[in-house]
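1. need a structure here:
(one chain, ligands or ions: 2)
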Amino acid sequence: MSRKTHVTTTVNGDAAEFLTDPHATLLDALRDDLRLTGAKEGCGSGDCGACSVMVDGRLVCACLMLAVEAEGKRIETIEGMAQEGELHPLQTQFLRHAALQCGFCTPGILVAAKALLEANPNPTEVEARFWLAGNLCRCTGYDKIIRAVMDAAADMRQERRAS
Ligand code: FES
Ligand code: FES
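-> Ligands and ions are numbered 1, 2, ... in the order given. Below is the predicted model of the structure:
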């Protein structure tokens with residue numbers, strides 16, 4: 001029987017704690033212990049991006065990080081993206097462009113795209129495609145996804161100018 005480790009962290013701005021096996025991944029902890037099932041397990045090996053989350057402001061594959069490494073860290077997941085009932089501009093544009101079909105890849109792509117726009121509010125299309133190259137989608141086709149990201153970037157720049 002393995003000994004569980006107690007982990008204290010912050011998830012989407014709220015304090016969170018869980019007991020985890022030493023070999024469990026952050027993705028396991030999010031989905032199974034904290035019941036945050038937005039991040040998906042596509043490959044489990046860092047190849048598909050479906051499990052993308054932010055850890056202390058850095059984009060990571062939650063399937064490649066041990067849950068015990070989340071101790072004291074600030075985790076952001078897709079569940080924290082909409083704020084006070086308002087969709088994030090990326091979510092709005094994904095809906096407008098129908099940039100998803102089965103939706104399995106969508107949480108990871110949205111988290112990764114948000115990280116892009118925080119690092120670079122005015123990316124070129126090539127930069128957006130390069131940034132999202134680690135997020136695989138097997139049904140929508142990437143053009144709609146990229147158009148949604150570019151339009152969301154424009155919306156966010158306009159919002160910033162207006163505020
Ligand atoms: Fe983590 Fe595919 S499930 S990268
Ligand atoms: Fe199905 Fe991307 S919408 S994998």
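2. state the phi and psi torsions of the spatially most central residue of the chain.
-> The centre of the chain sits closest to residue 111, judged by Cα atoms, centre = their mean, with a distance of 2.8 Å. Residue 111 adopts backbone torsions of phi -60, psi -40, taken as degrees, to the nearest 10.
3. show me what contacts residue 17?
-> For residue 17, the contact set (Cβ atoms under 8 Å, 6 or more residues apart in numbering) comprises 6, 7, 8, 9. Backbone N, C-alpha and C define where each C-beta goes, glycine included.
4. roughly how far does it sit from residue 73?
-> Counting by Cβ to Cβ, to the nearest Å, the gap from residue 17 to residue 73 is 12 Å.
5. repeat for residue 105
-> 24 Å.
6. these two: who's more crowded?
-> Taking neighbours as other Cβ atoms under 10 Å, residue 105 and residue 73 compare with residue 105 leading, 24 against 18.
7. please name the nearest non-neighbouring residue to the more buried one.
-> residue 137 (4.4 Å; Cβ to Cβ, 6 or more residues apart in numbering).
8. and that neighbour, that's in a helix?
-> No: under the criterion used here (DSSP: H, G, I helix; E, B strand; the rest coil), residue 137 is coil, not part of a helix.
9. wait, it sits on residue 109?
-> Yes: using Cβ atoms under 8 Å, residue 137 is in contact with residue 109, at 6.9 Å.
10. any shared contact partners between these two?
-> Shared contacts of residue 137 and residue 109 (Cβ under 8 Å, 6+ apart): residue 145.
11. neighbour count winner among those two?
-> Each of residue 137 and residue 109 has its neighbours counted (other Cβ under 10 Å); residue 109 has more, 28 against 23.
12. show me the contacts for that one.
-> Residues counted as contacts of residue 109 (Cβ under 8 Å, 6+ apart) are 49, 52, 132, 135, 137, 145.
13. now name the helix or strand holding it.
-> Residue 109 belongs to helix 106-119 when assigned by DSSP states H and E.
14. near ligand 1, anything from that helix?
-> No: Helix 106-119 is not in contact with ligand 1 by Cβ under 6 Å from any ligand atom; minimum separation 7.6 Å.
15. pull out the buried positions in that helix.
-> Using 16 or more other Cβ atoms under 10 Å as the test for burial, helix 106-119 gives 106, 107, 108, 109, 110, 111, 112, 113, 114, 115, 116, 117.
16. fine by me, thanks again.
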